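Colleague: This is a predicted model, with the sequence first.
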Amino acid sequence: MLTAPIGEIVNLVPYNSSILDLGGGMGVIAEEIRKHRGYKSYSIVDIDDKRLTEVKKRLKDIETYPGDALDIIERFIDDRRLFETVIISDMLYLCDDSYTERLIIDSLGLIKDNGIFIIKEVDWNLLVKFQELLSVKLFRFTRGRDIHFRGVDYYEGLLKRHNLNFAILRFNRLWYPHFIITVRK
């Protein structure tokens, strides 16, 4: 977490917007946005209900949705619930390719006109791969059985296949090569 470009994510979020944070179970981004940008509403979706319970203790004004992100997104689409900002941060590496693509494309359907979609992931190197293997497989800090080591090129290709306009920001922090992709609607 110390190397993550949280401030850069926060700076991309419009002031006082409605936000959907997919995989944001620890609430780190939510806390920073609250401090520096404010929000009209904040909804966190995470598969780990224990994390959401802990977040709710600290951030009482947010909505939490435990469960599968695609299922919850489908409910939001059915209810025509839209957001000005949708964030997916450090989650997609735990999802297979077809789930990842569907999650990204379906999430775009939840963004209001002039809204922003933010994806934050890591461009893998050997040290980061080793650390994540320990985190996920041995210590089980995150819920997920498999790790899908995809670089920024994978996401760039996926977004181009869907004819989306996007920007990529890259950040090297210590041994972590982070990237943020933004899609504006």
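Modeller: Yep, it's here.
Colleague: what residue ranges in the chain score low on pLDDT?
Modeller: 1-3, 127-129, 132-145, 173-175 (pLDDT under 70).
Colleague: Could you pick out the longest helix of it?
Modeller: helix 97-108 (DSSP state H).
Colleague: Extract the C-alpha trace of that one and format it as PDB.
Modeller: Taking only C-alpha atoms (Å, rounded to 0.1, in the frame of the first residue of the first chain), the coordinates of helix 97-108 have been written out as PDB:
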ATOM      1  CA  ASP A  97      -9.500 -13.000 -18.700                       C
ATOM      2  CA  SER A  98     -13.200 -13.400 -19.600                       C
ATOM      3  CA  TYR A  99     -14.400 -12.100 -16.200                       C
ATOM      4  CA  THR A 100     -12.000  -9.200 -16.400                       C
ATOM      5  CA  GLU A 101     -13.200  -8.200 -19.800                       C
ATOM      6  CA  ARG A 102     -16.900  -8.500 -18.800                       C
ATOM      7  CA  LEU A 103     -16.300  -6.500 -15.600                       C
ATOM      8  CA  ILE A 104     -14.600  -3.700 -17.400                       C
ATOM      9  CA  ILE A 105     -17.200  -3.500 -20.200                       C
ATOM     10  CA  ASP A 106     -20.200  -3.800 -17.900                       C
ATOM     11  CA  SER A 107     -18.700  -1.200 -15.500                       C
ATOM     12  CA  LEU A 108     -18.600   1.300 -18.300                       C
END
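Colleague: what comes up buried for that helix?
Modeller: For helix 97-108, the buried set under the neighbour-count rule, 16 or more other Cβ atoms under 10 Å, comprises Thr100, Glu101, Leu103, Ile104, Ser107, Leu108. C-beta: built from backbone N, CA, C; applies to glycine.
Colleague: Packing partners of that helix?
Modeller: For helix 97-108, the contact count by 3 or more Cβ pairs under 8 Å, 6 or more residues apart in numbering; DSSP states H and E identifies strand 17-22, helix 69-78, strand 83-89, strand 111-122, helix 152-161 as packing neighbours.
Colleague: In its sheet, which strands sit next to the third one, and in what direction?
Modeller: Same thing as strand 83-89. Counting by DSSP bridges, the strands paired with strand 83-89 are strand 17-22 (parallel), strand 111-122 (parallel).
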